[in-house]
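Peer 1: generate coordinates for the sequence data below:
(2 chains)
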Amino acid sequence: MGFLYTTLMFAAIGIIASLCARICCNKGPSANLFHLTLVITATVCCWLMWAIVYLAQMNPLIVPILSEGE
Amino acid sequence: MAEHGGCFPPMDLFRSEPMHLVQVIIPIESARLTVSYLGDIGLIQFKDLNSEKSPFQRTYAGQIKRCAELARKLRFFKDQMSKADIKLSAKSEAKAEFNLDDLEVKLGDLEAELTEINGNNEKLQRSYNELVEYKLVLQKAGEFFKVAQSRAAAQQAEVSSEQAAEESLETPLLKDQESTTVDQGKQVKLGFLTGLVPKGRSMAFERILFRATRGNVFLRQSSVDEAVIDPSSGEKVEKNVFVVFFSGERAKSKILKICEAFGANRYPFAEDLSKQAQMIIEVSRRISELKTTIDAGLLHRANLLETIGQQYEQWSDLVRKEKSIYHTLNMLSIDVTKKCLVAEGWSPVFATQQIQDALKLATIDSKSQVGAIFQVLHTKELPPTYFRTNKFTESFQTIVDAYGVAKYQEANPGVYTVVTFPFLFAVMFGDWGHGICILLACLFLIFKEKKYSSQKLGDIMEMTFGGRYVILLMALFSIYTGLIYNEFFSVPFELFSPSAYACRDDACSEATTIGLIKTRDTYPFGVDPAWHGSRSELPFLNSLKMKMSILIGVAQMNLGIILSFFNALYFRNPVNVWFQFIPQMIFLNGLFGYLSLLIIVKWCTGSKADLYHVMIYMFLSPTDDLGENQLFANQKTVQLVLLLLSLIAVPWMLLPKPFILKAQHNSRHQGQSYTPLEGTEESLQVETAHDSHGHEEFEFSEVFVHQLIHTIEFVLGAVSNTASYLRLWALSLAHSELSTVFYEKVLLLAWGYNNVIILIIGGIVFIFATVGVLLVMETLSAFLHALRLHWVEFQNKFYEGDGYKFAPFSFALLGDEDE
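Peer 2: Here you go, the predicted structure:
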């Protein structure tokens, strides 16, 4: 559940960011497409990294074993 | 020429600008002005139509010589100005319409004047120094004589009372010389010479004098306190004033020669006291006169140099511009019969209107009867690559170009590099404390942008400043990955929710043996803070980061292959789509895409399957039962199918393509029994098509070997490149370990002593270590590895990179070349 929720949040942030890019620097269709590509690529990269780390911790096979004297 | 079938709208920077070969025919009278206006626009790359001619045979060689002469004069001025410490004033915005002839005359006059002033100055300075030395001689020698005289007088008073002759050296001689009244009998005529000798050579001087005259001279030296400027050499030398007494002409000539050899300057000295005083007054007067003259001269020179300094930048710009205009004019081919110049060059299609406007303007301004003719030529030559970058994308494009300039209109990896390069850097660097430090540093650079871009910076500073936007993105992504890895100078924080792990029981008895247990929901953003410092931290993080590297690597390589698909679509190359793109996708995803899927499934289900075992035995014994390594139903069948598909993919990408290419070549050249004649470069013939290859060669064996190499590279590369992405894990581990060491072994250790001094020392060591090792060295290291991943693993899936860069004739770019 937490996974889906946060994925949707990432998607929403991505959409908002592309809208902001479109509003702030509207310089013609080819430039707009370029900015959109950049925003989407950044969103996908960030989501990918978060998703990997989250999935790896969902069903852990090993647990933290504290070291002596902590 | 541009055969593109894009089903997508065009995207900035994705493909290089469409270029065409243009031909401009310019009448001679407006040639210079036309080239000047074209240089202002800066969007044509002229081809050298006179490449067989040597520089001296070209039409405008004489003009270039004139410009070179002017440049030499300007360099001379600059030299003089720097010697006199006059600053060059900044370029004024006034656009003075200077004629080259006027400038030549003006610079010639200025040079003559300056040389004259310098010469006069030198002469005056020399006289001044001589006079100063003379004054010193007068003073010091006068002292000898005065002292000696007073002693002589005293001696005289005593000699009458005492018969013993004192061994004072001065008195007998002077007695002989001065008091001729005393002893008329022995009138030995003594001559003397006075002068200055350098202190370092004074001992040698004395010795040689003694030897040469067999001891028959008397030398008296007295050193001068401060160094004087030697008239001939112009340097400050420590000197001694000397008086040498001798008798006889032979001795005199010997002494003169020795003085000359030692560089001792001689000055006349009058014996008479009153005359001495007169001379001193006279010399002092002349010295002060000369000083005022010299000062006036220097002031005049300074004024002259000031006026030069104000206009220097403008003049040097003008000379540079003129020189480049004439170089360009030399590249155009001249058609003497038709009294016009023909220029050929590459220019982007979007610039057509601008160029035509410039041509019209030049025609009007030069009052020529005939206008310039502009037309587009059709050619099969490969145009240069031109990307219209702004200050943000320029640095990323430079990174891509450093590996190889994109072939004309192939997909530009720079578009994705803008995001993926800082992202991969950040994966290897992840620490939001360090990220903030780097962010602050580059924000400083960006705020001072205007100031630094007009200054001349050192090499390293220039590179850092040029890459400030790259560093900005790197810092932002590092902050993000730092939050995900949960490292702030290696310290984790519970920022988003309490840790998911807790003790099994209240006493936490088994925390150090079996470990904690996951009680709450997964930590929502990033690595759980409970891991840091635990004993099982490394096994967990290693597993996480290695799998992350594989997943990111497979994703980026897939992106690369998809870009090759878009290239094939654009260049209308179905062979590449069916017989390269599809088998490559099948191979890579059948094996490593499947591995990525297994990783995700294992994480989602929490299965204990051993993925190494699964992958290896998928190849070794694919029909075996998976047993406890089973992750999903029918896994064995799926694996068999994937293995078969991958095996088929290899000959699929190797064999068909060469045969198809051969068939295509045959069908293309079947109807052509006659190949078109190689046209000579009659550039004025408008209809000439530029055919750079008349007859295409097709060597089947060559094509086959090429395809074989390509296939082997891809197949083996699939394994090696995927493994290469593990450097993401390796560097990120190194970074976090270094960070931990510095924090725990330096800062915490210093804190433990409870002593302020040790704390301060520890703090300083921590700061230096962090900045030097982590912020500088690790940054460079991660930068380099991210670069390698892009250049090799990403770009070898689709990038050819054998184009050449567009280098237009532009005045704006001139300034970068020269200095």
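
Peer 1: list the contacts for the residue in chain B that chain A sits nearest to?
Peer 2: With C-beta to the nearest C-beta, the shortest gap between chain B and chain A falls at B:Gly606, namely 2.8 Å. For glycine as for every other residue, the C-beta is placed from the backbone atoms N, C-alpha and C. Contacts for B:Gly606 (C-beta atoms under 8 Å, 6 or more residues apart in numbering or on different chains) come out as A:58-61.

Peer 1: that's a helix at A:Met49, yeah?
Peer 2: Yes. Counting by DSSP: H, G, I helix; E, B strand; the rest coil, A:Met49 falls inside a helix.

Peer 1: for it, which non-adjacent residue is closest in space?
Peer 2: Sequence neighbours aside, B:Ile484 is the residue nearest to A:Met49 in space, at 5.8 Å (criterion: C-beta to C-beta, 6 or more residues apart in numbering or on different chains).

Peer 1: helix/strand/coil for the one you found?
Peer 2: helix.

Peer 1: quote the end-to-end distance of stretch B:24-32.
Peer 2: 13 Å (C-alpha to C-alpha, to the nearest Å).

Peer 1: now the residue nearest to A:Met49: how far from B:Ser16?
Peer 2: 36 Å (C-beta to C-beta, to the nearest Å).

Peer 1: so which strand or helix has the closest residue in space to B:Phe811 that isn't next to it in sequence?
Peer 2: Nearest in space to B:Phe811, with sequence neighbours left out and distances taken as C-beta to C-beta, 6+ apart, is B:Gly39 at 4.7 Å. For B:Gly39, the element it lies in under DSSP states H and E is helix B:31-41.

Peer 1: count residues in the vicinity of residue 51, would you?
Peer 2: Picked chain A for this. Residues within reach of A:Ala51, counting by other C-beta atoms under 10 Å in any protein chain shown, total 18.

Peer 1: please refer instead to chain B.
Peer 2: 7.

Peer 1: tell me the secondary structure at it.
Peer 2: Following three-state DSSP, the label given to B:Ser51 is coil.

Peer 1: could you report the pLDDT at it?
Peer 2: Turning to B:Ser51, the model gives it a pLDDT of 82.

Peer 1: do the one 5 residues further on as well
Peer 2: B:Phe56 is assigned 80 on the pLDDT scale.

Peer 1: and it, its phi and psi?
Peer 2: Here is the backbone geometry of B:Phe56 (degrees, to the nearest 10): phi -80, psi -20.

Peer 1: distance check, it against A:Asn32.
Peer 2: If you measure B:Phe56 against A:Asn32 using C-beta to C-beta, the figure is 54 Å.

Peer 1: these two: who's more crowded?
Peer 2: A:Asn32 (18 against 9).

Peer 1: would you confirm that the more buried one contacts A:Leu19?
Peer 2: No. Using C-beta atoms under 8 Å, A:Asn32 is not in contact with A:Leu19, being 11.4 Å away.

Peer 1: ok, the residue in chain A that chain B sits nearest to - contacts?
Peer 2: Of all residues in chain A, the one sitting closest to chain B is A:Asn59 (2.8 Å; C-beta to the nearest C-beta). Contacts for A:Asn59 (C-beta under 8 Å, 6+ apart) come out as B:603-606.

Peer 1: could you redo the last one with a cut-off of 10 Å?
Peer 2: Neighbouring residues of A:Asn59 by C-beta atoms under 10 Å, 6 or more residues apart in numbering or on different chains: B:518, B:522, B:602-607.
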